[in-house]
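S.K.: kindly generate the corresponding structure for this input.
(one chain, ligands or ions: 1)
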Amino acid sequence: MQGMMMDAPLLISSIAEHAAKNHGDREIMSITADNPEHRYTYRECFARSKQLANALDRLGMNRGDRVATLAWNDYRHLEMYYGVSGAGYVCHTINPRLFPEQLVFIINHAEDRWIFTDLMFVPLLESIADKISRVEGFVVMTDAAHMPESSLSNMLCYETLLAAESSDYTWPDLDERCASSLCYTSGTTGDPKGVLYDHRSTILHAYAGVAPDVLGLSSLDCIMPVVPLFHVNAWGTPYSAVMVGAKIVFPGPKMGDGETLCKLIQAEGVSVTLGVPTVWLAVLQYAEKAGKRLDHLQRAIVGGAAVPQSMIKEFRDKHGVEVRQGWGMTEMSPLGAVNSIKAGLDGLSDQQSLDLATRAGRGIFGVELRIVDDDGNELPWDGEAYGALQVRGPWVCSDYFRLGGSAGAHTDDGWFDTGDVATIDAEGYMAITDRTKDVIKSGGEWISSIELENVAMDHPAVAEAAVIGLAHPKWTERPLLVVVKAEGQDVGKEEMLAWYKGKVATWCVPNDVVYIDELPHTATGKVKKIELRRQFADYQFPN
Ligand code: AMP
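M.R.: I've put the predicted structure just below:
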């Protein structure tokens, strides 16, 4: 027997409609390249999203077409989230920190028709314009007074584009399974891979995000996402924060600036903030130096990389702020596990609760977790057994965009293999112990170890090279190059590191190189990275 409930599609535009009606006066504050303090209301935001939707229709977009953004966190980027997806197009958020070849690959692979860009990325786009010739035009997200001189063809001004349109617009009735947004991950080897979210997955993920034991968001909150809008939809906050009607603070291009973030927390009354560990290090350092306390802040959701215990302790002891560690992936929208306290564990000692908070988190409803051994057998949740971490659920990707299953990331029984290795304890708390994917996560951004190894191997004095990620106090992880010299050849540290100049982005160059006689190998001749990481577990990078 079927139930007798309405069949209402879960659409991103329904969040906009709800928010404009129910929280129309709520404020959104942004720092932008053209305004250090922009303020307006939800009502204005969603009226402008409709103007944008009208403008996109007029540009001749068809359902499912990709419209890209190259932008920091601010109100115009939020308008894109709703205007593009709500109108039935796909909002493709691009990470401007990727190196130019990756940008070219991503833009061409996604077949972006238009790129909406912040002022400061115009020169970057100019430098690759001849390689992305299928893009029909560029919209600079600023007003007419700030429009730059540029060699980009067909370049429009965002404010002029919107001003020509009415805010009268009826969001189309879309199929909830149609694509809403696209984000590429370079978190594995090879070309970046596109994760294509749909309206349904986005709404379900946002519902999960607001729950008390997950991000715990309410209309009383003031939320500052420091995780970029170009990185997995800022962990869903553009939807979840708007869904509950919280005040939103966007730091714009100041996302890495501890002083600005600290001031925003104080001046705007930020109660919940989210970002990778590297960002909080800058905030905590500034607060310490300037003798500031993060008074209004109740909760910092920190994830995307392992969170050091010292950070959790400093937030708690000096500022009275709860750190909730989160674990997830671009492929998972991204929320998978969040470290909130569970009934029965509230009587823990100080040290025990810190130890618990250092784990990645417990699975949230909507994402199933399992750990398996090399033969695919499920391992016990005893906190000891470790194995490949696999997930499944309605906001986990079923494949990558246009790869037709060739990535091999899914198991035969329908689970997604995360490339992380983990333990899960009897209470369900998961801890990441290693990674099977050959990448290093530095300050929240991926570096491919294989790419760095290939560059090293091209040096005539190198017989074999391996790159491993090791703990770093500021960037969480940095690459260490381990080299076996070719017989009778010599190469010094400086020369070896200088070899990378012009071959990879500066921030990807290994921090140090060590020379050893032999690398550990598996039976099939691959370098045993786990063994190598163990060998260098006590290594410390030079200052
Ligand atoms: P991304 O797709 O860029 O968000 O990266 C996802 C990956 O970041 C995961 O597969 C992990 O390797 C890593 N990661 C995310 N959160 C954590 C965490 N709390 N602890 C350790 N690693 C994490």
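S.K.: for the residue of the chain found nearest the ligand, the count of nearby residues, please.
M.R.: For the chain, the residue closest to the ligand is Thr330, as judged by Cβ to the nearest ligand atom, at 3.5 Å. (C-beta placed from N, C-alpha, C; glycine too.) When neighbours are defined as other Cβ atoms under 10 Å, Thr330 has 21 of them.
S.K.: for the closest residue to it other than its chain neighbours, phi and psi?
M.R.: Excluding the flanking residues, the one nearest Thr330 by Cβ to Cβ, 6 or more residues apart in numbering is Thr185, at 3.8 Å. Per-residue torsions, Thr185: phi -110, psi 140 (degrees, to the nearest 10).
S.K.: again, but for Val396
M.R.: For Val396, the backbone dihedrals are phi -100, psi 140 (criterion: degrees, to the nearest 10).
S.K.: can we start the residue count at 540 from this point?
M.R.: OK, 540 is where the count begins now, so the last one is Val935.
S.K.: so it touches Leu874, yeah?
M.R.: No: if you go by Cβ atoms under 8 Å, Val935 and Leu874 don't touch, sitting 10.4 Å apart.
S.K.: now the common contact residues for those two.
M.R.: Val906 (Cβ atoms under 8 Å, 6 or more residues apart in numbering).
S.K.: out of these two, which sits in the busier spot?
M.R.: Leu874 (29 against 26).
S.K.: and for the closest residue to Gln805 other than its chain neighbours, the neighbour number?
M.R.: Among residues not flanking Gln805 along the chain, Asp834 sits closest, at 6.4 Å (Cβ to Cβ, 6+ apart). Burial of Asp834 is recorded as 12 neighbouring residues (other Cβ under 10 Å).
S.K.: gap between Asp834 and Leu754?
M.R.: 21 Å (Cβ to Cβ, to the nearest Å).
S.K.: so who does the residue of the chain closest to the ligand touch?
M.R.: 722-724, 726, 734, 770-771.
S.K.: switch to 6 Å and redo it
M.R.: 722, 724, 734, 771 (Cβ atoms under 6 Å, 6 or more residues apart in numbering).
S.K.: can you check Thr608 too?
M.R.: 619, 632, 655.
S.K.: give the burial count for the closest residue in space to Gln929 that isn't next to it in sequence, as a bare number.
M.R.: Once flanking residues are discounted, Gln929 sits nearest to Trp954: 4.0 Å by Cβ to Cβ, 6+ apart. The tally of other residues near Trp954 (other Cβ under 10 Å) stands at 21.
S.K.: quick check: Trp954 touching Gly932?
M.R.: No: judged on Cβ atoms under 6 Å, Trp954 makes no contact with Gly932 at a distance of 9.9 Å.
S.K.: which of the contacts of Thr608 has the largest number of neighbours?
M.R.: Phe655 leads the contacts of Thr608 on contacts (other Cβ under 10 Å) with 29 neighbours.
S.K.: so is that one in a helix, a strand, or just coil?
M.R.: strand (DSSP: H, G, I helix; E, B strand; the rest coil).
S.K.: identify the residues contacting it.
M.R.: Contacts of Phe655 (Cβ under 6 Å, 6+ apart): 608, 619, 678, 680.
S.K.: now, those residues that are in helices?
M.R.: Among those, DSSP state H puts Met619 in helices.
S.K.: what is the nearest of the contacts of Phe655 to Ile570?
M.R.: Relative to Ile570, the closest of those is Met680; by Cβ to Cβ it sits at 13.5 Å.
S.K.: what about that closest one, neighbour count?
M.R.: Met680 has 27 nearby residues by other Cβ under 10 Å.
S.K.: so who does it touch?
M.R.: 610, 615, 655, 657, 697.
S.K.: against Val781, how distant is the last one?
M.R.: Tyr697 is 20 Å from Val781, where distance means Cβ to Cβ.
S.K.: what about those two, which has more around it?
M.R.: Val781 (28 against 23).
S.K.: please, which helix or strand holds that one?
M.R.: Using DSSP states H and E, Val781 maps to helix 776-783.
S.K.: show the subsequent helix or strand relative to that helix.
M.R.: From helix 776-783, the next helix or strand downstream (DSSP H and E) is strand 786-789.
S.K.: show the subsequent helix or strand relative to that next one.
M.R.: Following strand 786-789 in sequence, per DSSP H and E, is helix 797-807.
S.K.: quick one: contacts of that following helix?
M.R.: Outside helix 797-807, the residues that reach it (Cβ under 6 Å, 6+ apart) are 568, 761, 788, 793, 821-822, 824-826, 831, 833, 836.
S.K.: can you pick the most crowded of those?
M.R.: Highest neighbour count within these: Val822, with 26 neighbours (other Cβ under 10 Å).
S.K.: quick one, phi/psi of it?
M.R.: According to degrees, to the nearest 10, Val822 has phi -70, psi -50.
S.K.: and what of Ser624?
M.R.: On the backbone of Ser624 - angles per degrees, to the nearest 10 - the values are phi -70, psi -40.
S.K.: and if you look at Gly905?
M.R.: phi 120, psi -20.
S.K.: and for the one 4 residues further on?
M.R.: In this entry, Arg909 is assigned phi and psi values of phi -150, psi 150 (degrees, to the nearest 10).
S.K.: could you do His949 as well?
M.R.: phi -110, psi 150.
S.K.: is the residue nearest to it when sequence neighbours are not counted in a bridge, and if so with what?
M.R.: Excluding the flanking residues, the one nearest His949 by Cβ to Cβ, 6+ apart is Phe955, at 5.6 Å. Taking DSSP bridges as the rule, Phe955 bridges to Val930, His949.
S.K.: model confidence score at Phe955, please.
M.R.: We note a pLDDT of 98 for Phe955 in this prediction.
S.K.: measure the spatially most central residue of the chain to Cys630 for me?
M.R.: The C-alpha lying nearest the average C-alpha coordinate of the chain belongs to His770 (Cα atoms, centre = their mean; 3.0 Å). The gap separating His770 from Cys630 is 14 Å, by Cβ to Cβ.
S.K.: now the common contact residues for the two.
M.R.: What both His770 and Cys630 touch, as defined by Cβ under 6 Å, 6+ apart, is an empty set.
S.K.: surely Pro644 is within a helix?
M.R.: Check again: residue 644 is Phe, not Pro. Yes: the assignment for Phe644 (three-state DSSP) places it in a helix.
S.K.: what about the contacts of Phe655, which are in strands?
M.R.: If you go by DSSP state E, those have 608, 678 in strands.
S.K.: now pLDDT too, for the contacts of Phe655, in JSON lines please.
M.R.: Shown next, in JSON lines, are the contacts of Phe655 (pLDDT from 0 to 100):
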{"residue": "Thr608", "pLDDT": "98"}
{"residue": "Met619", "pLDDT": "98"}
{"residue": "Val678", "pLDDT": "98"}
{"residue": "Met680", "pLDDT": "98"}
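S.K.: His949: neighbouring residues, count only.
M.R.: With other Cβ under 10 Å as criterion, His949 counts 18.
S.K.: now Arg855: which helix or strand?
M.R.: helix 848-858.
S.K.: helices and strands around whatever helix or strand comes next after that helix, which ones?
M.R.: Where DSSP H and E defines the elements, the next helix or strand beyond helix 848-858 is strand 861-867. Identification of packing neighbours for strand 861-867 by 3 or more Cβ pairs under 6 Å, 6 or more residues apart in numbering; DSSP states H and E yields strand 838-842, strand 874-877, strand 900-902.
S.K.: starting from the longest one, tell me which strands it pairs with and how they run.
M.R.: So the one you mean is strand 838-842. Partners of strand 838-842, by DSSP bridges, with direction: strand 811-814 (parallel), strand 861-867 (parallel).
S.K.: among these, show me which one is buried the most.
M.R.: strand 811-814 (a mean of 26; mean count of other Cβ atoms under 10 Å).
S.K.: got the residues of this structure near the ligand?
M.R.: 724, 726, 771, 842-845, 864, 866, 868-869, 873, 899, 957-959, 971, 974, 980 (Cβ under 6 Å from any ligand atom).
S.K.: and the pLDDT for Asn1082?
M.R.: 80.
S.K.: quick check: Leu658 touching Leu609?
M.R.: No: the pair Leu658 / Leu609 is not scored as a contact, 10.6 Å apart, by Cβ under 6 Å.
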